[in-house]
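Peer 1: One predicted model, sequence on top.
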Amino acid sequence: MSKKSYSVAIRDVIAEEMSRDDRVFIIGEDIAEQGGIFGCTRGLLEQFGEERVRNTPISEAAMIGAGVGASISGMRPIVELMYMDFTFVAMDQILNQAAKIRYMYGGKATLPLVIRGQQGVGRGNAATHSQSVESIFMHFPGLKVVMPSNPGEAAGLLRTAIRDDNPVMFFEHKILYNTQGEVNDDPDFAIPFGEANIVQEGSDVTLIATSQYVNRCKAVAEKLKQDGISVELIDPRTLVPFDTETVIDSVKKTGRAVVVHEAHKTAGPGAEIAAMIMEEAFNYLDAPVLRLGAAACPLPFNLNLENAVVPQEADIESAIKKVLYK
Amino acid sequence: MSKKSYSVAIRDVIAEEMSRDDRVFIIGEDIAEQGGIFGCTRGLLEQFGEERVRNTPISEAAMIGAGVGASISGMRPIVELMYMDFTFVAMDQILNQAAKIRYMYGGKATLPLVIRGQQGVGRGNAATHSQSVESIFMHFPGLKVVMPSNPGEAAGLLRTAIRDDNPVMFFEHKILYNTQGEVNDDPDFAIPFGEANIVQEGSDVTLIATSQYVNRCKAVAEKLKQDGISVELIDPRTLVPFDTETVIDSVKKTGRAVVVHEAHKTAGPGAEIAAMIMEEAFNYLDAPVLRLGAAACPLPFNLNLENAVVPQEADIESAIKKVLYK
Amino acid sequence: MDQEKMLWIYRKMQEIRKFEERALLLFERNELRGSVHLYIGQEAVAATVCSHLRDTDYISSTHRGHGHCIAKGAELGPALAEMMGKATGYCLGRGGSMHIADVTKGNLGANAIVGGGVPIALGGALANQMRGTDDIAVAFFGDGATNEGIVHESMNLASVWNLPLIFVCENNLYGISTHTSQSTAVEDISVRAVAYDMPGETVDGNDVLSIDKAIVKAIERARSGGGPSLIECKTYRWQGHWTGDPQVYRTREEVKSWMEKCPIKRFEEYMVSKKIATEDELKKIEEEVIVQMDAAEKFALESPEPDPATVMDNVFCY
Amino acid sequence: MDQEKMLWIYRKMQEIRKFEERALLLFERNELRGSVHLYIGQEAVAATVCSHLRDTDYISSTHRGHGHCIAKGAELGPALAEMMGKATGYCLGRGGSMHIADVTKGNLGANAIVGGGVPIALGGALANQMRGTDDIAVAFFGDGATNEGIVHESMNLASVWNLPLIFVCENNLYGISTHTSQSTAVEDISVRAVAYDMPGETVDGNDVLSIDKAIVKAIERARSGGGPSLIECKTYRWQGHWTGDPQVYRTREEVKSWMEKCPIKRFEEYMVSKKIATEDELKKIEEEVIVQMDAAEKFALESPEPDPATVMDNVFCY
Ligand SMILES: Cc1ncc(C[n+]2csc(CCOP(=O)(O)OP(=O)(O)O)c2C)c(N)n1
Ligand SMILES: Cc1ncc(C[n+]2csc(CCOP(=O)(O)OP(=O)(O)O)c2C)c(N)n1
Ligand SMILES: [Mg+2]
Ligand SMILES: [Mg+2]
């Protein structure tokens, strides 16, 4: 185990996988000399050269398209998007090409492609640079969707992503990059997709959170312990595939659930999770599953406004109390 | 009242609104001489000339961007997309520009823009030309989302869309174009957004359906009547704004609900509707709200396979029986 | 060009022509459904370009992709079966006409999104460049596609990375009903090559020899590390945009005048006049192709539909 | 150019320079947050171009948009307040530096999406064309933006529709850390105009007079129904891409050499040498601007934060 930041954990796995398999390479904006705007490719140029660490023009659609093409031609590309908000300018290549090709081709192609980058609030980037966009990729079939919440899992999940023969959307969070954590040094350490992490066991309520909200929910759970409320905190880690079993088992035990994420609440991941819980565990529910997500409002620049839009610890706490009728 | 097809109803409203307000104009691919691939602009070129009925290059992103720019500059553009699947090549202009500008500009702009076109299965167009993509636009705030299910409502809702000062995503369905229906001739006939239509009253179960599924559900409801099951069929008509009240009132009465749409089930509109019903009417529910939508699979070309992916009448029937524990 | 290559090109053109004519018939007989975009009239482009390609060279294609598919080595039976949604089709009936692919033969796929296939060929070229072989890639696209941003991004990127990629634009004068003069700021699309510092050339797309000259040059350049090129082939589609197009946008005379420029007939006449083949020899090839096409049709018609129980297969691969 | 216009341009350049310097200071003092992209070094472009525009002419701008905003008529106080997220800002604190707009003055907005603003100016040009006035629009964008497909689509569409639109590319040699030679297939971006059959010209973007000559020509063309033009202004940003950029990609010498080509100093020298203004007169303008800037800073600092209770306002307008 080594203590590393989230960004270094990501960088190291990219480097290890590039060393291990020379079909793996990375393209992105400002990833070479600059090492990526968030430092996730720092040093890779020196280690692997500009053939395999490729700065690109500002052409996200062509970048993803190049990744798709190289991938079905036998390579294993990683495409870094500087902000996952920029998936919007490359959406067709992601949803119509990357996601569908294997199926449309009757399974006669593999498409190992990782599209990774950061998203979310916390740096005052306002409406077009602060979004959490994972819902789109959860909705349209054919993409795996990963949301690591700490350095160790970022490493383990990214390794799985790079070794997967399917396209993977890998959502980092900008405010997690500097967080520190233990990372397994085993060069084959990989966390399988579709296995939720029970961050903390509990008996009163199931709290399901993704990305930075896993950490924020930990704090809430800690606080509620003092009020005698026992929270079971689950991080699904991957939204596709989704570990239904772990969540349902937990809800069957607690009878209550709250889902928290940063994506907009309306038709967000929480809608799917809540509806699914109702379908699978209706008779166990003592209260409606509640959802917390960003309000139906573009993310404002002003920090106080931003905080008013995305869920805060107090909101999580009161949602939990609400399902406990406290 | 006149009997018209869905496509003629749409065409006529465009013509009427263009006559009424010379800021209204339309751009799109093959909308001039050709009158649109689905005939929704037939005759408009002759009536209004090529200044206001503008054929475009195959440049959807620039088309939408032009619409956004013209709109905040005082015009009232309609952009026809040949297939709503092509929103994917123009996604940034829709989600980052059209949807957010009024908010980001502190309310100091209006953005009257209708983006309309058809979507859905039924013509063997396969994975990239058969999708139902409304979920994306329901999730990201700032767009109104309209899904007319018959000629009369297409007319009334389109008029509201054109007169609205906000961007509206107007989703027609390819297999509805030839369906006939009564259309109100009043040149000011408009159906307000956010008012669901109770297509048929009933007492045993609330069935919520959109677009072509409204018609398919009518048939199912008819059939179930013979089994003594009374279905209340609700067409929300607009997903944003959503008429929560009508739906919740119905569920409070029936205690059961099924949601049916053509979009993928996972994280689709039904997820939001089901989760919302649970939040607002938990204590009234006698069964979990069930959702029917396309399976988590790209839409296959083969017709039998396509039918295996999207909900069929038999699926709707059995979902209804399931929530009735029959 | 040697005789063998010429005969290969001729045969491929005949295969494409007969395939498309048969597809049209089947469509009219309701054996085929969906959007079917026929390549009749443009055969010289696919056949000539692909005559220089190896299985390890990649192509990406378009909604009007049957010609490219056949020229790149597809068998007629499974190709037709795919268009009929049969289990024996190239994509097991999942893709249909607009999404046929045959990756083992280097065909990275038709593409129903205008311009959508272009960066995919770019990715193929990138893979070949990185593997250090002299294999290349070709992106086929239409005149209409040149106004999609993705095509521009791909041309710039191919040039900046000096990729072994050839952009082959088939300018058939229309994108559906829209004449290029209504959609495209320049008359010769090859002019756009200047914007990417690559060679650009416009050739008669109905003339095998003109196409050949241009493609040979571009391929040499690409295989030797010289980077990308743009070739514009001026041609014409004889049929409507798709089967069922009312064609309000053009006159019968215009269509007729282009039918008189039939690329197959023209090449036939050239070969006979140059004594590369006799009329009889060419007739024989045509007849062989018809036999082949009959077998393909039989194969496709008799093939089973896919089993709905398998519908969820291959969403992900393992 | 007459004296009055020159003095206007000079004053605007000073306003922009002082505004940006103050913004940097405030950022360093933590009064400002978010992504702040400074325009220092490029002032001649915005000031000269906008000196020819009316309130009814539209512009669209970029992430590096303060200069365009001020040149198009924004007041310094509300502009700075917006960057501080204050309730008195142009966008009530919702937009911030990257999304400032002032539609009443014809500024259709900064745009945080590279290339994203270009079709919006096109829409403005379209509105003006359809209304039959001789009002026009200008799309500002960077060298990096020219590789986004949307810019290409917009240029083609503007040409096909013969819109009164001027594409002003500020080529400051870098898109973040990436030198144009690494990202852009051509050295002179103006060459790309050929692909859209419009005039293209490259000018010294640090020289008011060169820019002026080119923009006057383009504006005349646009106002008289002649259609779009592309002007590339070669210039340089003195600061990092954003406040806090480590600038590993360029040398101090390079930066210094460009600072020696300061557009303001150059114009100053020109005006003094041509006796258009004395040094003292120009010094006086600079001092007036400083006073104005002090007031703007005070206004912004003292302005209230927006009320969180209003956060949901204006998602839709009624
Ligand atoms: C992104 C996108 N926009 C529009 C369409 C609809 N469409 C299909 S083919 C076509 C015309 C394409 O013209 P061109 O590229 O010249 O090819 P051609 O059909 O002439 O072979 C259009 C507009 C599409 N499939 N994808
Ligand atoms: C679509 C998109 N891709 C990437 C970015 C990140 N980004 C912001 S500014 C910038 C560089 C832009 O370069 P250029 O157009 O030359 O403008 P400059 O910053 O030099 O003024 C990049 C890559 C973005 N904002 N939007
Ligand atoms: Mg064409
Ligand atoms: Mg730049």
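Peer 2: Ah, there it is. Residues are numbered from 1 along each chain as shown, chains lettered A, B, ... in the order given. Ligands and ions are numbered 1, 2, ... in the order given.

Peer 1: can you give me the strands in the chain?
Peer 2: Picked chain A for this. A:2-5, A:24-28, A:53-55, A:76-83, A:113-119, A:144-146, A:167-173, A:180-183, A:197-200, A:205-209, A:231-235, A:238-240, A:257-264, A:290-294 (DSSP state E).

Peer 1: that's the other chain; I wanted chain C
Peer 2: C:58-60, C:137-142, C:165-171, C:174-175, C:178-179, C:200-204, C:229-234.

Peer 1: Deepest-packed of those strands, please.
Peer 2: Highest mean neighbour count of the strands of chain C: strand C:58-60, a mean of 31 (counted as mean count of other C-beta atoms under 10 Å in any protein chain shown). Any C-beta I mention is one placed from the backbone N, CA and C, and that applies to glycine too.

Peer 1: close to chain A, is that strand?
Peer 2: Yes: contact of strand C:58-60 with chain A (C-beta under 8 Å from any C-beta of the partner chain) involves C:58, C:60.

Peer 1: Switch the strands of chain A over to JSON lines, and while doing so, append mean pLDDT to every line.
Peer 2: Listed next are those as JSON lines, based on pLDDT from 0 to 100:
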{"stretch": "strand A:2-5", "mean pLDDT": "98"}
{"stretch": "strand A:24-28", "mean pLDDT": "98"}
{"stretch": "strand A:53-55", "mean pLDDT": "98"}
{"stretch": "strand A:76-83", "mean pLDDT": "98"}
{"stretch": "strand A:113-119", "mean pLDDT": "98"}
{"stretch": "strand A:144-146", "mean pLDDT": "98"}
{"stretch": "strand A:167-173", "mean pLDDT": "98"}
{"stretch": "strand A:180-183", "mean pLDDT": "98"}
{"stretch": "strand A:197-200", "mean pLDDT": "98"}
{"stretch": "strand A:205-209", "mean pLDDT": "98"}
{"stretch": "strand A:231-235", "mean pLDDT": "98"}
{"stretch": "strand A:238-240", "mean pLDDT": "98"}
{"stretch": "strand A:257-264", "mean pLDDT": "98"}
{"stretch": "strand A:290-294", "mean pLDDT": "98"}
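
Peer 1: Would you format those strands as CSV with distance to chain B included?
Peer 2: Shown next, in CSV, are those (distance: least, C-beta to the nearest C-beta, whole Å):
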stretch, distance to chain B
strand A:2-5, 30
strand A:24-28, 18
strand A:53-55, 22
strand A:76-83, 11
strand A:113-119, 13
strand A:144-146, 10
strand A:167-173, 13
strand A:180-183, 29
strand A:197-200, 21
strand A:205-209, 13
strand A:231-235, 17
strand A:238-240, 8
strand A:257-264, 6
strand A:290-294, 6
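
Peer 1: Return the residues in contact with the residue of chain C most remote from its centre.
Peer 2: Computed with C-alpha atoms, centre = their mean, the maximum C-alpha offset from the centroid of chain C is found at residue C:309, amounting to 33.5 Å. Under the criterion of C-beta atoms under 8 Å, 6 or more residues apart in numbering or on different chains, residue C:309 has no neighbours.

Peer 1: what does chain A put close to chain D?
Peer 2: Within chain A, the positions near chain D by C-beta under 8 Å from any C-beta are A:29-30, A:32-34, A:37, A:55-59, A:61-62, A:86, A:88-89, A:123-129, A:295-298, A:300-305, A:307-309.

Peer 1: 6 Å - rerun?
Peer 2: A:30, A:33-34, A:55, A:57-59, A:61, A:124-126, A:128-129, A:297, A:300-302, A:304-305, A:308 (C-beta under 6 Å from any C-beta of the partner chain).

Peer 1: ok, now chain C?
Peer 2: Residues of chain C lying near chain D (C-beta under 6 Å from any C-beta): C:147, C:149-150, C:152-153, C:156, C:159-160, C:185-186, C:192, C:194-197.

Peer 1: Chain A next: which of these are close?
Peer 2: Within the residues of chain C next to chain D, those near chain A by C-beta under 6 Å from any C-beta are C:150, C:153, C:156.

Peer 1: Could you tell me how far the last one is located from residue C:191?
Peer 2: Spelled out, that is residue C:156. 15 Å (C-beta to C-beta, to the nearest Å).

Peer 1: Which one's more surrounded, the two?
Peer 2: Between residue C:156 and residue C:191, counted using other C-beta atoms under 10 Å in any protein chain shown, the more crowded position is residue C:156 (28 against 18).

Peer 1: show me the contacts for the more buried one.
Peer 2: Residues in contact with residue C:156 (C-beta atoms under 6 Å, 6 or more residues apart in numbering or on different chains) are A:57, C:196, D:147, D:185.

Peer 1: No further questions, thank you.
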